[in-house]
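In: just the structure for this:
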Amino acid sequence: MARIKVLLVIVLAVGPVMGATRVASANPVREYRDVMQAFVPDIRGWSSQTNGLIQAAVAKPELGCSVELAQLVRQGRHASADMAGTEALAPVALKGAHRQVTAGLAKLALAGEKACGDEVQAAAEAEQALRELSSGLAPIIQLLGGPGRVPETTNGATVATN
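Out: Below you'll find the model as predicted:
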């Protein structure tokens, strides 16, 4: 997640400065692809860890109130905000998918918040959010060259590919 923040800070800080010196990116699709190439593995790793912890909270409710899940929820909120901030880079054909990923991240983070006290409902909402997130990521992953070309995760989590 820290790598995501650094990358997005650079893109968001340098983008306006560079934009002032050029009318448009020479290759906006490449620019978006470069940003997402670094971001997608982190999204996949975070979503897998978060969903796994929420699902485990059904059997072990104390996990729903854990410090680890609270930290993952914060990271998810930040990732959702970062995705919203990079929407302007998304090619027109991927705007909907980009928004879907943004919404899926926010919904999965919200499910993580609910896991402390309402584990069963949170688990159901997390599964729905994960489906939305995966559906939105699919066309972005295709732009990146397909599932075999995108690392599963950058943080060591096991992530299922769709």
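In: enumerate every residue touching residue 123.
Out: Applying CB atoms under 8 Å, 6 or more residues apart in numbering, we find residue 123 in contact with 54-55, 57-58, 111, 115. C-betas here are computed from N, CA, C, even on glycine.
In: mind checking pLDDT for the most centrally placed residue in the chain?
Out: For the chain, the residue nearest the mean C-alpha position is residue 43 (3.5 Å; CA atoms, centre = their mean). In this model, residue 43 is scored at 95, pLDDT.
In: kindly report the same for the one 4 residues further on.
Out: With respect to pLDDT, residue 47 has a value of 96.
In: correct me, but it touches residue 131?
Out: No: look at residue 47 against residue 131 with CB atoms under 8 Å: they stay out of range, at 10.8 Å.
In: who has more neighbours, those two?
Out: residue 47 (27 against 12; other CB atoms under 10 Å).
In: name all residues that make contact with that one.
Out: 104-105, 108, 130, 133, 159.
In: show me the shaky parts of the protein.
Out: Within the chain, the stretches with pLDDT under 70 are 1-25, 147-162.
In: 90 instead?
Out: 1-30, 38, 143-162 (pLDDT under 90).
In: residues near residue 145, how many?
Out: 11.
In: which helix runs longest in the chain?
Out: Of all segments of type helix in the chain, defined using DSSP state H, the longest is helix 28-59.
In: for the chain, just list every one of the helices.
Out: Using DSSP H, helices in the chain cover 2-21, 28-59, 67-85, 95-114, 119-143.
In: buried residues, the second one. List them.
Out: Of the residues in helix 28-59, those scored as buried under the neighbour-count criterion (16 or more other CB atoms under 10 Å) are 31-33, 35-51, 53-58.
In: got JSON lines for the contacts of residue 123, with distance to residue 75 too?
Out: Formatted as JSON lines, the contacts of residue 123 follow (distance: CB to CB, whole Å):
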{"residue": "54", "distance to residue 75": "14"}
{"residue": "55", "distance to residue 75": "18"}
{"residue": "57", "distance to residue 75": "17"}
{"residue": "58", "distance to residue 75": "22"}
{"residue": "111", "distance to residue 75": "14"}
{"residue": "115", "distance to residue 75": "15"}
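In: having no further points to raise, I will conclude here.
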